[in-house]
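A.B. asks: Quick one, structure for this:
(one chain, ligands or ions: 2)
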Amino acid sequence: MTATADEFDLGGLRLSVGEGRRIRLSVRIEPLVLGGERYEIEPERVPVQLEVSRMTGSGYALRLGFTAALTGQCMRCLKQASPEVEVEAREVDRPGGGEELDSPYVDGETLDLAAWARDAFALAAPVKALCKESCAGLCPICAADLNEAGPEHYHEPERDPRWAKLSELKLE
Ligand SMILES: [Zn+2]
Ligand SMILES: [Zn+2]
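C.D. replies: Ligands and ions are numbered 1, 2, ... in the order given. So this is what the prediction gives:
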């Protein structure tokens, strides 16, 4: 069992300068909203690997890696989709090192792991959540699932309504 941590105390590792450590944790990632749909992140407690290195001088270099699935409605065929997303992120926090070296996720010695994991996941997530990359979607006319209906699925083109009117007239 790994501990579920929303926040992680970097100071608690008591690393000496130049020392690094790899830690396994799990974190809950808040659902994402894509194209107006809500997507849960699975598993509920995502196992993550956190690498912490204490830099020369002061501060930390951090690396976060995990794989999680975006679970919700396929944007094309509306069935269940859960594409896996691989996340690899780095942060540096060096107090007094200027804005670029000031990680928004580190406050003092406390790492906001939940916020970092969520943002990194959102950046790595596909723009379109699909059940599969090649999902054929739904027929725009009858809403049949084209993954099942196959490429032969076809509708006769609608007849021009003006011609339909004419044929009605003939019948009278
Ligand atoms: Zn689909
Ligand atoms: Zn159709």
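
A.B. asks: Kindly spell out which helices and strands sit in contact with the strand or helix carrying F66.
C.D. replies: Secondary structure from DSSP states H and E places F66 in strand 60-73. On a contact count with 3 or more C-beta pairs under 8 Å, 6 or more residues apart in numbering; DSSP states H and E, strand 60-73 meets strand 32-34, strand 37-42, strand 46-54, strand 80-81, strand 84-93, helix 113-124. In short, each C-beta sits where N, CA and C put it, glycine included.

A.B. asks: hmm, try it at 7 Å
C.D. replies: When contacts are defined as 3 or more C-beta pairs under 7 Å, 6 or more residues apart in numbering; DSSP states H and E, strand 60-73 sits against strand 37-42, strand 46-54, strand 84-93, helix 113-124.

A.B. asks: Can you point out the buried residues in the second one?
C.D. replies: Put plainly, it is strand 46-54. 46, 48, 50, 52-54 (16 or more other C-beta atoms under 10 Å).

A.B. asks: Next: the third one.
C.D. replies: When burial is assessed from 16+ other C-beta under 10 Å, strand 84-93 yields the following buried residues: 85, 87, 89, 91-93.

A.B. asks: relative to strand 60-73, how tilted is it?
C.D. replies: For strand 84-93 against strand 60-73, the angle by axes from the mean of the first three to the mean of the last three C-alpha atoms, to 10 degrees is 150 degrees.
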